[in-house]
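S.K.: predicted model and sequence below, questions to follow.
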Amino acid sequence: MADPISISAAVGWGVTAVGWLASPIIPRLLNKGFTVLDFNATEKLKIVDMQVLQLQRVMEVVDESTYRARLEPLLDKLRSALYEAEDILDDVEYQRLKKQAQDAKSSGSKMDSLKKTLRSAMPRSLLKDKTRFSFPDSVGQFKHLRYFAFVVTAFVGLTLPGAFTKLYHMQVVDFGSCHCLDFSRGEDMMNLVNLRSVISWADFDFPNVGRLIWLQTPPFFRIRREQGYEPHQLKHLNKLQGKLLICGLENVQSKEDALEVDLAGKEKLTKVVLSWDDDSCSPEVEAEVLEGLCPSKYLERLELWNYDGARLPSWMMGKHNGSPKNLKELTFRGWIQLGPAPDLGAFIHLQSLILYNCNWDALAGNIEHLTSLKTLIIESCKNMRSLPTLPNSLEEIKVRYCSE
């Protein structure tokens, strides 16, 4: 089992759980608690810290467990409670500093320094209405910084100054649910040669990411027809683990270019999402590109978004020795090709099959041979008129918004 303190210790739903459990939320509460709480309260926080680590160990193995449905709402409540507690302590600290500023009789540089400290201590609750936050250049003074967390909601944009690229020891940056992340000098981000993990929902929007060879968990990568954003930027990032979303595949023009991504060499990835963002690419080219995107044989989850190819690649048909034959979850979103769904008989270990907004009129007739299949979800597949014989192993079937 991987080190339970590692941010990327688990996969799938467990990645989300362990990701925030492993973040320093409890140490942050402890540090603030020593300032504004009594001894008993901080001792209780230490107990909570140990319990969270124990819960983290459980999350590493619960991803495929039937207890997931029970634990997920409890985990959400715990997460909310911890962050609310941190907000409360932030508010207390802010008010303490505010009173200190009001009571201070000093002036000049000392007062200016106090005001700066006060502004930096403003809690997240006071930033919720802001649409953008820009970090000052002074962030570059923290030369030895290795972990940087500034967790915001999806509605808050962040701008990082050029000085951020001078933090050469940086290993982990956490921006929470941020969807809009700008780099003042994005071309210099490649200087962060020790960067391991980026936690964010924003585009990994800076060039030459391929030079960050220690990178383990980028949020996702968008391929463009621009220098620095080519498919080969992912070629040597074989330490990537957990989930990887690759967008902009319409900008890949051939199987040879797709092979430059070297998905097969990224053996620590457990989930891969491949997305075509528009229909500017012909179905023939898309099929060739997907042929070159064969993932590692250890892959557990695969999603194809807006794939318009007329066929599945050979590695999904059991004709490739290195194909992910142990795939457990397969999702298709937005496949426009008409006719029946393709044969998936090669994935004998498949446990979950999910179809969203696909134009197929029927499932493959041999789906009953997928004897490990437990979950079948078919949603917004308007042409689906009937289902074939299904495997007896199924525990959950959802069919919604189909057959108008």
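M.R.: Done, it's in.
S.K.: for the rest of this, base every contact and every neighbour count on C-alpha atoms.
M.R.: OK.
S.K.: my guess is Glu396 contacts Leu376. True?
M.R.: Yes: the pair Glu396 and Leu376 passes the contact test of C-alpha atoms under 8 Å, sitting 6.3 Å apart.
S.K.: compare the two (neighbour count), which wins?
M.R.: Comparing Glu396 with Leu376 by other C-alpha atoms under 10 Å, the one with more neighbours is Leu376, at 17 against 11.
S.K.: surely the more buried one meets Asn392?
M.R.: No: taking C-alpha under 8 Å as the definition, Leu376 is not a contact partner of Asn392, at 11.9 Å.
S.K.: now Ala346, what's its secondary structure?
M.R.: Counting by DSSP: H, G, I helix; E, B strand; the rest coil, the backbone at Ala346 sits in coil.
S.K.: what pLDDT does the residue lying closest to it once chain neighbours are set aside get?
M.R.: Leaving aside its sequence neighbours, Ala346 sits nearest to Gly318 (C-alpha to C-alpha, 6 or more residues apart in numbering; 4.9 Å). Model confidence at Gly318, expressed as pLDDT, equals 74.
S.K.: neighbours around Gly318, how many?
M.R.: Each residue near Gly318 was counted by other C-alpha under 10 Å, and the total is 16.
S.K.: distance check, it against Glu329.
M.R.: With distances defined as C-alpha to C-alpha, to the nearest Å, the gap from Gly318 to Glu329 amounts to 16 Å.
S.K.: same thing with Asp277?
M.R.: Taken as C-alpha to C-alpha, the spacing of Asp277 relative to Glu329 amounts to 22 Å.
S.K.: can I take it that Ala264 is in a helix?
M.R.: Yes: with three-state DSSP as the criterion, Ala264 is assigned to a helix.
S.K.: what sits against it?
M.R.: By C-alpha atoms under 8 Å, 6 or more residues apart in numbering, Ala264 lies in contact with 293-297, 322.
S.K.: which non-adjacent residue is nearest Ile199?
M.R.: Nearest residue to Ile199, sequence neighbours excluded (C-alpha to C-alpha, 6+ apart): Asp174, at 4.5 Å.
S.K.: any idea which element the one you found lies in?
M.R.: For Asp174, the host element (DSSP states H and E) is strand 172-176.
S.K.: what strands flank that strand, and is each parallel or antiparallel?
M.R.: Strand partners for strand 172-176, identified by DSSP bridges, are recorded as strand 147-152 (parallel), strand 197-199 (parallel).
S.K.: which neighbouring elements make contact with the helix or strand following the first one?
M.R.: Following strand 147-152 in sequence order, the next helix or strand is strand 157-160 (DSSP H and E). The helices and strands touching strand 157-160, judged by 3 or more C-alpha pairs under 8 Å, 6 or more residues apart in numbering; DSSP states H and E, are strand 132-134, strand 181-183.
S.K.: mind listing what's buried in strand 157-160?
M.R.: 157-158, 160 (16 or more other C-alpha atoms under 10 Å).
S.K.: can you tell me which of these is nearest Ser372?
M.R.: Closest to Ser372 out of the buried residues of strand 157-160 is Gly157 (43.5 Å), distances taken as C-alpha to C-alpha.
S.K.: mind listing what's buried in stretch 381-398?
M.R.: 381-384, 390-391, 394.
S.K.: want to throw these into a markdown table with distance to Pro207?
M.R.: Listed next are those as a markdown table, based on distance: C-alpha to C-alpha, whole Å:
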| residue | distance to Pro207 |
| --- | --- |
| Cys381 | 38 |
| Lys382 | 40 |
| Asn383 | 42 |
| Met384 | 43 |
| Leu390 | 47 |
| Pro391 | 47 |
| Leu394 | 45 |
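S.K.: ranges for the helices of this protein?
M.R.: 13-21, 25-36, 39-61, 68-103, 109-120, 255-259, 283-291 (DSSP state H).
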